[in-house]
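In: Next comes the sequence, and after it the predicted model I'd like to discuss.
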Amino acid sequence: MVNLVGLVNSVAKGDVPTAVELTGKALDAQMPAKEILDKGLVPAMDIVGSQFDKSEIFLPELLMAGDAMKAALELLKPELSKGGEGSYIGKYVIGTVEGDVHDIGKNIVAMMLEGGGWEVTDLGIDIAPKEFCEAVEKGNFDIIGIGAYVTLSMPKIAETMQALKDAGLRDRVKIMVGGVPVNQTYADQIGADAYGETAVDAVIKAKGLIRT
Amino acid sequence: MPKLTGTERVFKAVRRQEPDVVPTFEMDIHIDVIQAIKPGLDYVEFCDYMDLDAVVYFDQKSLKWEMLDEAKGVARSEWGNISRFSGAGQFIPVLREPVIKSEKDLDNYVPPDPDLPFRYTAIEEGVKRFKGKRAVIAVVLDPFRILAMYLRGEVELFKDMIRNPDMVERMSEIARDYALRYVKNCIDIGVDIIWNAGDYAITQSPFVSPEFTKRFLIPGLKRIVDYCHSRGVPCLEHTDGNIRPILDLMVDTGIDALHPIDPIAGMDIGEVKAEYGDRICLMGNIECGELLSWGSKEDVRQAVKECIRKAGKGGGHICMSSNSIHGAVNPENYVEMVKAIRDYGKYPILI
């Protein structure tokens, strides 16, 4: 039996070499990748997410933890990508709306989702409604996350949702929205399935969506 | 009290005294808003038209960019970084490729020359045109922001603070030298006030811990503040976001005023006034996201009234938006905001 406490701690502290070493050891001991993800990386990212929300840690510590998580995840990917029970929670595609070039908030959400067991496709910033539609059409995603980080670009969320409806793709995917100017009222108004107030909240809401 | 000039009004406020009326101006006003209010005017003419109390010159506009891909808005700055400008009327370049990719890139790095005359053409004209009538303010990009926006990029920079703090110090020296030289040149030309554009926080919290703020961010600000004061020039500080945990550190640098006391981030101008009003002038905090964009004129008037009620008494208040008049602001709301400031902001304040 491999003890994953050390892995949890090393990821939470952003210690990349130790996180990689302990993930390698767990794999060598025949522990399933899914178990290492669920018992090593997910709890670690829960810890840093909660610490970040409480301002006990800040962006440097969060980003270093993200690096440790990603390095460990790289080793798990071959097995996780096989599909079936030992795989990811689901497939999540995320992007910042057209005309908005802010990426740090979106990157944190993507990082926390990966750490939460999702296979994340990051479309990037300044993504046109058409590009979101193309991704949904081709990608077989469970959830699409649409972010706007300035007031000016917020109407683009509704425009992107309308484009998904027009393309007949709305019911193929759950839609989550987020970003600084966005709130629950706006999410309800435009008919989104969920609103992520923070990165941690986004991970919780995402899990809730696939259970419904 | 006799009617003051814009310059006198702003100086009184910055010195935490009562002027005739609460001053107002903006860090930036989007050209679309200007055109909707008075077609054909540029920003400088618009300051005259609206009788704003200060004219603000942004140093980013003094930086040359070489366009690499016009359609995508991708350009290289004099710092050597490649950035992308948004197509939605925002003028903030977002970094795609920093110039310092590893520590060894620093060995032969040559920063831009802050002394090149073209950087100061607009400011020189501003000083000639407005000196003594409206405060002439030069915005300088905080050394930390130079690192984040041009040299290194914020993600790598934040990680460097943990994994290679010496590298952060080396980069900071380059940025501080540039910013300080820029400030010196602006003061030599005759600007009245320096405005340091910091941005030390996100909505939720400061970017970095108070410990890292003290180590990596504060020294650059402190050097600029000290230099301004050695020349008898006030120094204003801008940062959006929730800066509560680092407010003491910022105020201790000796800044004369703080902008914009970000309401979206939960910053309450009344609380900041009670705690720091005897040490700094407060600038802001009329919410420019929802309120100025989509609120009613009456909502705007009420927000101005409330803001002046909380922060205006006794002086030391400059009422303005909570960031800038960006492209989505309803032009009528901006006009209403300025009108309300002049209606409710007359001293003595009795609201």
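Out: Sure thing, it's come through.
In: Please export the C-alpha coordinates of the longest helix seen in chain A as CSV.
Out: For chain A, the longest helix by residue count, based on DSSP state H, is helix A:59-80. What follows is helix A:59-80, C-alpha atoms only, in CSV (Å, rounded to 0.1, in the frame of the first residue of the first chain):
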residue,chain,number,x,y,z
LEU,A,59,-0.7,33.6,-6.7
PRO,A,60,3.0,32.6,-6.4
GLU,A,61,2.3,29.7,-4.1
LEU,A,62,-0.9,28.7,-6.1
LEU,A,63,1.0,28.7,-9.4
MET,A,64,3.9,26.6,-8.0
ALA,A,65,1.4,24.1,-6.7
GLY,A,66,-0.2,24.1,-10.2
ASP,A,67,3.2,23.3,-11.7
ALA,A,68,3.7,20.4,-9.3
MET,A,69,0.2,19.1,-10.0
LYS,A,70,0.8,19.3,-13.8
ALA,A,71,4.2,17.6,-13.6
ALA,A,72,2.6,14.7,-11.6
LEU,A,73,-0.4,14.6,-14.0
GLU,A,74,1.9,14.2,-17.0
LEU,A,75,3.0,10.8,-15.6
LEU,A,76,-0.6,9.8,-15.1
LYS,A,77,-1.9,10.9,-18.4
PRO,A,78,-1.1,7.8,-20.5
GLU,A,79,-3.3,5.6,-18.2
LEU,A,80,-6.0,8.3,-17.6
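In: Which SSE is immediately downstream of it?
Out: strand A:91-97 (DSSP states H and E).
In: what residues does that following strand touch?
Out: Strand A:91-97 is touched from outside by A:102-103, A:106, A:109-110, A:113, A:118-127, A:131-132, A:135-136, A:139-149, A:153, A:156-157, A:159-160, A:179, A:206, with contacts defined as C-beta atoms under 8 Å, 6 or more residues apart in numbering or on different chains. Quick note: C-beta positions are derived from backbone N, CA and C, even for glycine.
In: Go again with 6 Å.
Out: For strand A:91-97, contacts defined as C-beta atoms under 6 Å, 6 or more residues apart in numbering or on different chains pick out A:106, A:110, A:113, A:118-123, A:125, A:127, A:135, A:139, A:141-145, A:147-148, A:153, A:156-157.
In: Quickly list the domain ranges of chain A.
Out: Per the record, chain A has its domains at A:5-80, A:91-211, by automatic domain parsing.
In: Would you mind putting those into a markdown table with mean neighbour count and mean pLDDT alongside?
Out: A markdown table is the format used below for the domains of chain A (neighbours: other C-beta atoms under 10 Å in any protein chain shown; pLDDT from 0 to 100):
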| stretch | mean neighbour count | mean pLDDT |
| --- | --- | --- |
| domain A:5-80 | 20 | 94 |
| domain A:91-211 | 20 | 92 |
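In: Nearest residue to A:Gly90 in space, ignoring adjacent ones along the chain?
Out: For A:Gly90, the nearest residue in space outside its immediate sequence neighbours is A:Asp142; the separation is 3.8 Å by C-beta to C-beta, 6 or more residues apart in numbering or on different chains.
In: my guess is that neighbour meets A:Tyr88, correct?
Out: No: if you go by C-beta atoms under 6 Å, A:Asp142 and A:Tyr88 don't touch, sitting 9.6 Å apart.
In: Now the one helix or strand B:Arg301 maps to: buried residues?
Out: When elements are defined using DSSP H and E, B:Arg301 is found to belong to helix B:297-311. By neighbour count with 16 or more other C-beta atoms under 10 Å in any protein chain shown, helix B:297-311 contains the buried residues B:Asp299, B:Val300, B:Arg301, B:Ala303, B:Val304, B:Lys305, B:Cys307, B:Ile308, B:Lys310, B:Ala311.
In: try stretch B:50-60
Out: B:Met50, B:Leu52, B:Asp53, B:Ala54, B:Val55, B:Val56, B:Tyr57, B:Phe58, B:Asp59, B:Gln60.
In: where does chain B have low pLDDT?
Out: Low-confidence regions of chain B, defined by pLDDT under 70, span residues B:59-60, B:86-91.
In: again, 90 this time
Out: B:1-2, B:58-62, B:70-73, B:84-96, B:202-204, B:264, B:289-290, B:294, B:326-328, B:351 (pLDDT under 90).
In: ranges for the helices of it?
Out: When secondary structure is read from DSSP H, chain B shows helices at B:6-14, B:31-37, B:43-49, B:121-130, B:143-146, B:154-163, B:165-189, B:210-212, B:218-230, B:247-252, B:269-276, B:290-294, B:297-311, B:331-344.
In: send the alpha carbons of the second one over as PDB?
Out: Right, helix B:31-37. The C-alpha trace of helix B:31-37 is given here as PDB (Å, rounded to 0.1, in the frame of the first residue of the first chain):
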ATOM      1  CA  ILE B  31     -12.300  57.900 -27.500                       C
ATOM      2  CA  ASP B  32     -15.800  56.400 -28.200                       C
ATOM      3  CA  VAL B  33     -17.200  58.000 -25.100                       C
ATOM      4  CA  ILE B  34     -15.500  61.300 -26.000                       C
ATOM      5  CA  GLN B  35     -17.000  61.200 -29.500                       C
ATOM      6  CA  ALA B  36     -20.500  60.400 -28.200                       C
ATOM      7  CA  ILE B  37     -20.300  63.400 -25.900                       C
END
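In: Which elements pack onto that helix?
Out: Helices and strands in packing contact with helix B:31-37 are listed as helix B:331-344; criterion 3 or more C-beta pairs under 6 Å, 6 or more residues apart in numbering or on different chains; DSSP states H and E.
In: roughly how far is the helix it packs on from the heart of the chain?
Out: Average the C-alpha atoms of helix B:331-344, do the same for its chain, and the two points are 21 Å apart (C-alpha atoms, centre = their mean, to the nearest Å).
In: How about stretch A:26-33?
Out: In terms of C-alpha atoms, centre = their mean, the centre of stretch A:26-33 is set 24 Å apart from its chain centre.
In: for chain A, which strand is longest?
Out: The strand spanning the most residues in chain A, taking DSSP state E as the definition, is strand A:119-127.
In: Between strand A:91-97 and it, find me the angle.
Out: Comparing the axes of strand A:119-127 and strand A:91-97 via axes from the mean of the first three to the mean of the last three C-alpha atoms, to 10 degrees yields an angle of 10 degrees.
In: which element follows strand A:119-127 toward the C-terminus?
Out: The element immediately downstream of strand A:119-127 (helix or strand, assigned by DSSP H and E) is helix A:129-139.
In: For chain B, tell me whether that next one is touching it.
Out: No: contact between helix A:129-139 and chain B, assessed by C-beta under 6 Å from any C-beta of the partner chain, is absent, since the two come no nearer than 13.6 Å.
In: ok, then the element right after that helix?
Out: Counting by DSSP H and E, the element after helix A:129-139 in chain order, helix or strand, is strand A:143-147.
In: now what about that next one, what contacts it?
Out: Contact partners of strand A:143-147, identified using C-beta under 6 Å, 6+ apart, comprise A:92-94, A:96, A:106, A:136, A:157, A:160, A:173-179, A:206, A:209.
In: With stretch B:206-223 instead?
Out: A:58-60, B:143-144, B:161, B:168, B:176, B:200-201, B:245-246, B:249, B:253.
In: Most widely separated two among the residues you listed?
Out: By the measure C-beta to C-beta, B:Arg176 and B:Pro245 form the most distant pair in these, at 23.6 Å.
In: neighbour-wise, which of those two wins?
Out: Of the pair B:Arg176 and B:Pro245, B:Arg176 is the one with more neighbours under other C-beta atoms under 10 Å in any protein chain shown, namely 21 against 15.
In: For that one, which non-adjacent residue is spatially closest?
Out: Counting by C-beta to C-beta, 6+ apart, B:Pro143 is the residue found nearest to B:Arg176 once chain neighbours are left out, at 4.5 Å.
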